[in-house]
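*Asks:* Sequence first, predicted model second:
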Protein chains: 2
Amino acid sequence: MARIKPGKNTTRKELITRKAATLFKSKGYAVASMRDLAESIGVEAPSLYNHIGSKSEILRSICFTVAGSFTSHLEQTLQGTDPILHKVAAIIRFHIGMMLNDFDAVYVSNHDWKHLDEPYLSDFLNQRREYERKFVQLIQEGARRGEIKDTDPYVVVLTILSAVRGLEFWQHHKKNISTDNLENNMVDHLLNGIAK
Amino acid sequence: MARIKPGKNTTRKELITRKAATLFKSKGYAVASMRDLAESIGVEAPSLYNHIGSKSEILRSICFTVAGSFTSHLEQTLQGTDPILHKVAAIIRFHIGMMLNDFDAVYVSNHDWKHLDEPYLSDFLNQRREYERKFVQLIQEGARRGEIKDTDPYVVVLTILSAVRGLEFWQHHKKNISTDNLENNMVDHLLNGIAK
DNA sequence: GGGCAAAACTAACACTTATTAGTTTTTTGG
DNA sequence: CCAAAAAACTAATAAGTGTTAGTTTTGCCC
């Protein structure tokens, strides 16, 4: 059969990973088979193994790429000298952007990290906990400076991260509201509430 | 082998469903096998079929029980004459309560509804959409009455539902804060924001 | 305590899974 | 245009899946 044709500047491995993200998103990692993946690319299943090591390696690659993006953006944001609320808003906006632009990979990372095998599972969870910890610290700093209410900082972080994650249900309504509006509305809700 | 002993006032079927919820929660529906489930009960896999029709029937039962609880609570809340913000708060509190008290079932319903087979999948999604629709209407009514800011009502609902759903990550920190505090903090955040 | 229904068991089925081995085809570089 | 490397193929394996059939055990009721 004809060879896989990756786009410009992408290896075959990257193409497979990208297709896998789409497949895993729609069926779930556990249910998606290597045969499904091969078919979506136009090739027989064993051919994939010329380019990747295993199914679990693909998942690993997806999860850690996403985690890496979030982590490095957070580090960068924390270093600035903006008011705390601006930093929080920037973090929220970055999450929203990731959800909208890298949807498949973020979705898979959010849903299927459970299927990572050790020691990667522990690595992943540690990275996530570390992210949360730094975010909590930021909220605490904001409260200390009087820029943020004295709410339990962990609950605040949980609420924010969960809310943006919920954008996975967004797709259906894409037409009714621009993504700019969506971003602004959500940031405003999470910072200022809805009560009048 | 000795017979399954359900607790008082529960059938064997209910016991199996309860154990299944716990199992599905920790491994995921797709990965959890009937043999796993049987082992967690102390029985051989085929014995389960004396009590249930199929694996998918169990999932169906879990998902629709949870969906039914949410739907009927919403109906009840909408009928009252409280201020809109009170109603919204009551809905949020109910979601939090379900997450804390019926964790396994709610978790499975949130994560594994994708594996429902037709026509149940469509039924489930319709029920969910209907729930969202009514919730959106409530927010709109609140805005019309001037009790709620003029934010996009669908974004508001999405943010709220996602935030409470995120309580699935709660467990780790149970000790540091009472559930009452958790509830109050989250409701306050979602209604009034965090900015000072 | 004997009978009967409920509920357990064992054995087996037809499939599907990820992955390997070995081979053939295709593309690339000189 | 030929050789070498890359990437496809086919065939096969061992393990695991949900579920059925048929049989044996268990426990309640008269």
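*Replies:* Cool, the structure landed. Quantities reported herein were computed from a predicted structural model and do not represent experimental measurements.

*Asks:* now check the one helix or strand residue A:22 maps to, is it near DNA strand D?
*Replies:* Assigning secondary structure by DSSP states H and E places residue A:22 in helix A:12-27. Yes - using Cβ under 7 Å from any atom of the strand, helix A:12-27 comes into contact with DNA strand D via residue A:12. (C-beta placed from N, C-alpha, C; glycine too.)

*Asks:* now stretch A:46-55
*Replies:* Yes - against DNA strand D, stretch A:46-55 shows contacts by Cβ under 7 Å from any atom of the strand at A:46-47, A:50-51.

*Asks:* what about that stretch and DNA strand C, touching?
*Replies:* Yes - legend: contact between stretch A:46-55 and DNA strand C by Cβ under 7 Å from any atom of the strand is shown at A:46, A:49, A:54-55.

*Asks:* Could you chop chain A up by domain?
*Replies:* A:12-50, A:55-192 (automatic domain parsing).

*Asks:* quick one on the thing from earlier: nearest to chain B, of the residues of stretch A:46-55 next to DNA strand D?
*Replies:* residue A:46 (23.2 Å; Cβ to the nearest Cβ).

*Asks:* Distance of that closest one relative to residue A:62?
*Replies:* According to Cβ to Cβ, to the nearest Å, residue A:46 stands 22 Å off from residue A:62.

*Asks:* okay, the two: which has more neighbours?
*Replies:* Under the criterion of other Cβ atoms under 10 Å in any protein chain shown, the comparison of residue A:46 against residue A:62 puts residue A:62 first, with 25 against 10.

*Asks:* By mean pLDDT, which helix or strand of chain A comes out lowest?
*Replies:* helix A:179-192 (a mean of 81; mean pLDDT, DSSP states H and E).

*Asks:* just the angle between that one and helix B:179-192, please?
*Replies:* Going by axes from the mean of the first three to the mean of the last three Cα atoms, to 10 degrees, helix A:179-192 is angled at 130 degrees with respect to helix B:179-192.

*Asks:* Sticking with the most centrally placed residue in chain A, tell me its helix or strand.
*Replies:* For chain A, the residue nearest the mean C-alpha position is residue A:106 (3.2 Å; Cα atoms, centre = their mean). Using DSSP H and E, residue A:106 sits in helix A:103-112.

*Asks:* Any figure for the gap between the closest residue to residue A:169 other than its chain neighbours and residue A:177?
*Replies:* Take residue A:169 and drop its neighbours on the chain: the residue closest to it by Cβ to Cβ, 6 or more residues apart in numbering or on different chains is residue B:158, 6.4 Å away. Plainly put, residue B:158 is 11 Å away from residue A:177 if you go by Cβ to Cβ.

*Asks:* Kindly report the same for residue A:15.
*Replies:* 33 Å.

*Asks:* What's the local residue count around residue A:45?
*Replies:* Considering only other Cβ under 10 Å, residue A:45 is surrounded by 14 other residues.

*Asks:* go on, residue A:166?
*Replies:* Count around residue A:166 with other Cβ under 10 Å applied: 21.

*Asks:* For the residue lying closest to residue A:153 once chain neighbours are set aside, what is the enclosing helix or strand?
*Replies:* Closest residue to residue A:153 in three dimensions, ignoring its sequence neighbours and counting by Cβ to Cβ, 6+ apart: residue A:139, at 4.0 Å. Using DSSP H and E, residue A:139 maps to helix A:120-144.

*Asks:* Now do that helix, average pLDDT.
*Replies:* Taken as a whole, helix A:120-144 carries a mean pLDDT of 95.

*Asks:* what's the angle between it and helix A:103-112?
*Replies:* Using the same axes, to 10 degrees: helix A:120-144 against helix A:103-112 is 100 degrees.

*Asks:* same for helix A:120-144, what does it pack against?
*Replies:* Judged by 3 or more Cβ pairs under 8 Å, 6 or more residues apart in numbering or on different chains; DSSP states H and E, the packing partners of helix A:120-144 are helix A:55-79, helix A:84-101, helix A:153-165.

*Asks:* Now do the buried residues in that helix.
*Replies:* A:120, A:124, A:127-128, A:131-132, A:135-136, A:138-140, A:142-143 (16 or more other Cβ atoms under 10 Å in any protein chain shown).

*Asks:* Could you do stretch A:63-70 as well?
*Replies:* Those would be A:63-64, A:66-67, A:69-70, for stretch A:63-70 by 16+ other Cβ under 10 Å.

*Asks:* Tell me how far it lies from the chain's centre.
*Replies:* Distance of stretch A:63-70 from the chain centroid (Cα atoms, centre = their mean, to the nearest Å) equals 7 Å.
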